[in-house]
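Engineer: Requesting a structural model of the entry that follows:
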Amino acid sequence: MPAEVVSPEEMLRRLIAFDTTSSLSNLALIDYVREYLEGHGIASHLTFDDDGRKANLLATIGPAVEGGYVLSGHTDVVPVEGQPWTSDPFALAERDGRLYGRGTCDMKGFIAIALAMVPEFKAKATKRPIHLALTYDEEVGCYGVRRLLPQLKELLPRPQLVIVGEPTEMKVANAHKGVHSFVTTVTGKDAHSSQPQIACSAIEYAAEIVRFIYGMAKEMRDNADPACLFVPPYTTFNIGTITGGTAGNIIPRQCRFGWNFRGLPTDDPAAIKARFDDFVANEILPRMRREYADAKVETTEINVLPALAPQQDSPAEEMAKSLSGNNGTVVVSFGTEAGHFQRAGLPTVVCGPGSILEAHQPDEFISRAQMQAGEAFQRRLADRAAA
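Structural biologist: Now for the predicted structure:
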């Protein structure tokens, strides 16, 4: 593909046309981006998932020196099934200064700006490199970024900072909650429903555990610090799924439920999980095993999304505030890949065009004004790379 110069809006139109719902492959989009970058003489490095159906892309524009800037965004989007869209979600539509399509604000708008800026990045990034990091499967657990980080460490001179372009309306977010997700399986003993004395009801004991989780939720809510900037200003819990039993006249042998908590950066997730484990070990299992010696409660952690915590004198925060013209920072309650970058030792903030209120909605959109603000931000970044 020859070198192309396209506008951010045209690039967004092309990216939206790729259906990169998390359940599908993102390789068509990645191949397009790779060819586009090759047209500008920029090499890309890919890392794949286990099935080879999805890939991360990492590319460097400018000199191979330390102190570069990483612009990071995920390529996957959430499903559109069952949502009342008024236009094709995979064909960009413009109405009243808004650009509609799945992923416009979350977060192909940010990626489109970065790709459209490639010719300018190439011309200006003479002192410091600008790195593009595109990931897969953020929406279903931030799986792609975990494979990207070792590659980033191996292939790149150490960057100075990372900017994750999730939609913050170009405000600089220096903190977000972390998410810890689990599946708990309670196994008892089944019997005819007329004979509870010889059974051990998995649903009965699972209900007690669920009640305990919601008790922790109430405790967090009741002890919230009113000065906390998060909305809501406390660690939250959710039981998202629950299944169990086989028939109304059978005492259930097994019950399984999925749950998570979204913790403040100041809360200790290990301590929260330890409280849960202690309750199960000391309050639930002894009573279950008096009814059935082989009763079990097994909890598996299925995903961890690290919180993003404010860092004193963070170069990422200072840079983003300067580029955006905002002197302050905000916190966001939604999770991002930023926590993974920070855990890897890279100063990181979240700052991108669009509003999270439009994400995951039917008729998702990003305004042209936000696209322009994002473009101005990245143009200033290019100027910094030349200084």
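Engineer: all contacts plus neighbour counts: C-alpha atoms, from now on.
Structural biologist: Noted.
Engineer: Just give the closest residue to Pro79, not the sequence neighbours.
Structural biologist: Leaving aside its sequence neighbours, Pro79 sits nearest to Thr21 (C-alpha to C-alpha, 6 or more residues apart in numbering; 5.7 Å).
Engineer: pLDDT below threshold where in the stretch 51-200 of the chain?
Structural biologist: Of all residues in the stretch 51-200 of the chain, none has pLDDT under 70.
Engineer: domain ranges for the chain?
Structural biologist: 8-175+307-386, 178-305 (automatic domain parsing).
Engineer: by contact count, what packs against the helix or strand hosting His45?
Structural biologist: Assigned by DSSP states H and E, His45 falls within strand 44-48. For strand 44-48, the elements it packs on are helix 27-39, strand 55-61, helix 143-155, judged by 3 or more C-alpha pairs under 8 Å, 6 or more residues apart in numbering; DSSP states H and E.
Engineer: ok, back up a step: run through the bridge partners of the residue nearest to Pro79.
Structural biologist: On the basis of DSSP bridges, Thr21 is bridged to Val77.
Engineer: swap in Ser181?
Structural biologist: The partner residues for Ser181, given DSSP bridges, come to Asn260, Asn303.
Engineer: For it, the count of nearby residues, please.
Structural biologist: 20 (other C-alpha atoms under 10 Å).
Engineer: try Thr266
Structural biologist: The number of residues near Thr266, taken as other C-alpha under 10 Å, comes to 10.
Engineer: Roughly how far does it sit from Thr235?
Structural biologist: Look at Thr266 and Thr235: by C-alpha to C-alpha, to the nearest Å, they are 10 Å apart.
Engineer: got it, and Pro362?
Structural biologist: 28 Å.
Engineer: the more surrounded of those two?
Structural biologist: Set side by side, Pro362 and Thr235 show more neighbours around Thr235, with 26 against 20, by other C-alpha under 10 Å.
Engineer: quick one, phi/psi of the nearest residue to the more buried one once chain neighbours are set aside?
Structural biologist: If the residues on either side of it in the chain are set aside, Thr235 comes closest to Gly263, at 4.4 Å by C-alpha to C-alpha, 6+ apart. For Gly263, the backbone dihedrals (degrees, to the nearest 10) come out as phi -100, psi 140.
Engineer: My guess is Gly263 contacts Val231. True?
Structural biologist: No: the pair Gly263 / Val231 is not scored as a contact, 11.8 Å apart, by C-alpha atoms under 8 Å.
Engineer: so Lys296 makes contact with Thr187?
Structural biologist: Yes: the criterion here is C-alpha under 8 Å, and Lys296 meets it with Thr187 at 5.1 Å.
Engineer: The helix or strand hosting Thr184: what's the following helix or strand?
Structural biologist: According to DSSP H and E, Thr184 maps onto strand 178-187. Next in sequence after strand 178-187, counting helices and strands by DSSP H and E, comes strand 191-192.
Engineer: neighbour-wise, which of Lys296 and Thr187 wins?
Structural biologist: Using other C-alpha under 10 Å as the criterion, Lys296 and Thr187 rank with Thr187 on top: 25 against 19.
Engineer: quick one on the thing from earlier: gap between the residue nearest to Pro79 and Glu4?
Structural biologist: According to C-alpha to C-alpha, Thr21 and Glu4 sit 27 Å apart.
Engineer: between those two, who's got more neighbours?
Structural biologist: Per other C-alpha under 10 Å, whichever of Thr21 and Glu4 has more neighbours is Thr21, with 19 against 13.
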